[in-house]
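Colleague: My questions concern the predicted model and sequence given below.
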Amino acid sequence: MPYLADTPLTPEQEEELALALRGGLKGRFASSFSVLQGGIDALERSLMQNAKPAMQMQIGDILRQMQCHLTKLERLAETTADLALRHTLGSDAPPRCIELVGYLQKLCGTANEELERLHYPAQMCLQAEGTFYTESETGAVNALFAQLLSNSVKARADAHITLRCAPDGTLLYTDDGPGLAPQQRALLQNGMEQTKADRLDTLGLLAVAAYAAELGWKLDLPETSSGFALSLCAQAARPPQAATLQSTAAEEQYRAQQLTACLRREFTAALPPR
């Protein structure tokens, strides 16, 4: 349906336009990557059937490099589309009341399982007491921590990552990796533009800052003598009535699957195979 720029939209038209933009942008990315993936698969099959062993080995290495770059580009496109659409249209899912300590316990367990599946010795643990509630959209929270984790593990494969949750809603994320370079620190603190050559390597940090802004969480970088430290101040919510936190088994399973899928997609794209 065509829309005139100066014509006010009805709520129905706004919803139709939002769905068209969301589906069109992500659909185009998905379609292009499907074509490229199909081409790589076809080349691999042809190589195995028709080429001599020496050529299979030589061209096979090139195809594996192409597959690695394609996965990274797919990650870049997915993250870019998600952030662009969130900024323009908002999220499909409304904020919900999350008991943050419980969520972070599930995050640590799922992250450690996924890292073990990929043969990475890195570990994530939680230090927290009591309960804390926040009104947040879980998809953005999942994506924020997926980006943080992949950056930590990419910097150090056996990283020890710790999350501390204070009663006031401040989350302290630390690892024992090499820490941030000055440009990376400036990027998180000030949104500093990077050179063109640096942008792909700083994608995760850009996404962390963008998701934190989307959630309304204040981001800070405490001084540390070693490793990396990031403080996130979530928007505190009053303790809800018990009924607002009740979920069916199907809802809990769905949210667990969302978390696993988000971490698996990010780790597969960002972390080199081991």
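Modeller: The structure has been received and is ready for your questions.

Colleague: Only C-alpha atoms from now on, for both contacts and neighbour counts.
Modeller: Noted.

Colleague: Is residue 139 in a helix, a strand, or coil?
Modeller: Following DSSP: H, G, I helix; E, B strand; the rest coil, we place residue 139 in the helix state.

Colleague: quick one: pLDDT of it?
Modeller: Residue 139 is assigned a predicted lDDT (pLDDT) of 85.

Colleague: again, but for residue 150
Modeller: At residue 150, pLDDT is 92.

Colleague: Distance of the nearest residue to residue 234 once chain neighbours are set aside relative to residue 235?
Modeller: On the basis of Cα to Cα, 6 or more residues apart in numbering, the spatially nearest residue to residue 234 that is not a chain neighbour turns out to be residue 217, at 4.7 Å. When distance is defined by Cα to Cα, to the nearest Å, residue 217 is 6 Å away from residue 235.

Colleague: more neighbours, those two?
Modeller: The neighbour comparison of residue 217 against residue 235 (other Cα atoms under 10 Å) goes to residue 217, with 20 against 16.

Colleague: Could you double-check that the residue nearest to residue 234 sits in contact with residue 230?
Modeller: No - when contacts are counted by Cα atoms under 8 Å, residue 217 is not listed as touching residue 230 (11.9 Å).

Colleague: Residue 230 - that's part of a strand, no?
Modeller: Yes - under three-state DSSP, residue 230 sits within a strand.

Colleague: okay, now it: neighbour count?
Modeller: The burial count for residue 230: 18, using other Cα under 10 Å.

Colleague: ok, it to residue 220 distance?
Modeller: 6 Å.

Colleague: quick one, phi psi at the closest residue to residue 156 other than its chain neighbours?
Modeller: Excluding the flanking residues, the one nearest residue 156 by Cα to Cα, 6+ apart is residue 177, at 5.6 Å. Main-chain torsions, residue 177, degrees, to the nearest 10: phi -80, psi -160.

Colleague: ok, now residue 156?
Modeller: With angles defined as degrees, to the nearest 10, residue 156 sits at phi -150, psi 110.
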